[in-house]
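Visitor: coordinates only, no sequence provided:
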């Protein structure tokens, strides 16, 4: 499986989509200039723009790399030759997922280093009112990467049930948009303002809350920007949620991929 992970990494580095997306990382050079337009909150704005840029780039990488990895292999009949070797479909799937997830983590580290440099420069030129908590910023980037690795697992699930390019990509985007607001919907259902909703609608919404991935649980940008403390219990629960949800998705994907007929 390690060889599949390495092959996946090499293929990603040669991918034109990856090269085009990473060009957008040059926008980090403009963040100090843009942030300087805010004379009172330069560091906070630098943090906001840097973390948003990282999140946007990781989103593009996870959607397009996760949604096209298996599809490209099947279209090019690469899976037919590879699976002819003493390699199970399950290990092949996990290897492709592992390589893509590892690349997203590497990209998060590189982009995170650029963000640290930008924020350090901005805070040195324009000292902020509240000190930057660097550990919180690092955890914010780490859990952001975990969020998009979870999204890659969603993309791989769609890839195992689809024979086209559209469902893995657009289905993954739809799940990302829906999973980003599930927490707000759940909190609304528990508020007095939801009394006007019918019980059936509430049950359906609650079911979707538990079924769809809760991407909002991985978002700690507010804590990093305003120096708010992070609770260890919340971090551990989010990490456990990540492990369980990814494990379930990959198990279902492997079961489907084993039974899938290759063209």
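Guide: Arrived safely. Computed from a predicted model, the values in this text were never measured in an experiment.
Visitor: report the contact partners of residue 220.
Guide: By Cβ atoms under 8 Å, 6 or more residues apart in numbering, residue 220 lies in contact with 136, 139-140, 143-144, 230. All C-beta spots, glycine's among them, are computed from the backbone N, C-alpha and C.
Visitor: lowest-confidence helix or strand of this structure?
Guide: Taking mean pLDDT, DSSP states H and E as the measure, the helix or strand of the chain with the lowest value is helix 78-82, at a mean of 57.
Visitor: could you pull up the mean pLDDT of the helix or strand containing residue 247?
Guide: Applying DSSP states H and E as the criterion places residue 247 in helix 232-259. Averaged over helix 232-259, pLDDT sits at 91.
Visitor: buried residues, that helix. List them.
Guide: Buried residues in helix 232-259, defined by neighbour count with 16 or more other Cβ atoms under 10 Å: 238, 241-242, 246, 249-250, 253-254, 257.
Visitor: report the distance from it to the chain centre.
Guide: Here helix 232-259 shows a centroid-to-chain-centroid distance of 14 Å under the convention Cα atoms, centre = their mean, to the nearest Å.
Visitor: can you give me the helices for the stretch 101-250 of the chain?
Guide: According to DSSP state H, counting those that start in this stretch, the stretch 101-250 of the chain carries its helices in the segments 134-161, 166-179, 182-189, 199-211, 221-226, 232-259.
Visitor: list the contacts of the shortest one.
Guide: Same thing as helix 221-226. Contacts of helix 221-226 (Cβ under 8 Å, 6+ apart): 44, 47-48, 51-52, 55, 130, 133, 136-137, 139-140, 228-230.
Visitor: one more time with 7 Å
Guide: With contact meaning Cβ atoms under 7 Å, 6 or more residues apart in numbering, helix 221-226 is reached by 44, 47-48, 51, 130, 136-137, 140, 228, 230.
Visitor: which one of the residues you listed is nearest residue 164?
Guide: Proximity of the contacts of helix 221-226 to residue 164, judged by Cβ to Cβ, is greatest for residue 51, which lies at 33.8 Å.
Visitor: wait, doesn't residue 150 sit right on residue 244?
Guide: No - judged on Cβ atoms under 7 Å, residue 150 makes no contact with residue 244 at a distance of 10.6 Å.
Visitor: just to revisit the earlier point, buried deepest among the helices of the stretch 101-250 of the chain, which one?
Guide: helix 134-161 (a mean of 22; mean count of other Cβ atoms under 10 Å).
Visitor: report all helices and strands that that one contacts.
Guide: In terms of contact count using 3 or more Cβ pairs under 7 Å, 6 or more residues apart in numbering; DSSP states H and E, helix 134-161 is assigned the packing partners helix 42-75, helix 89-125, helix 166-179, helix 221-226, helix 232-259.
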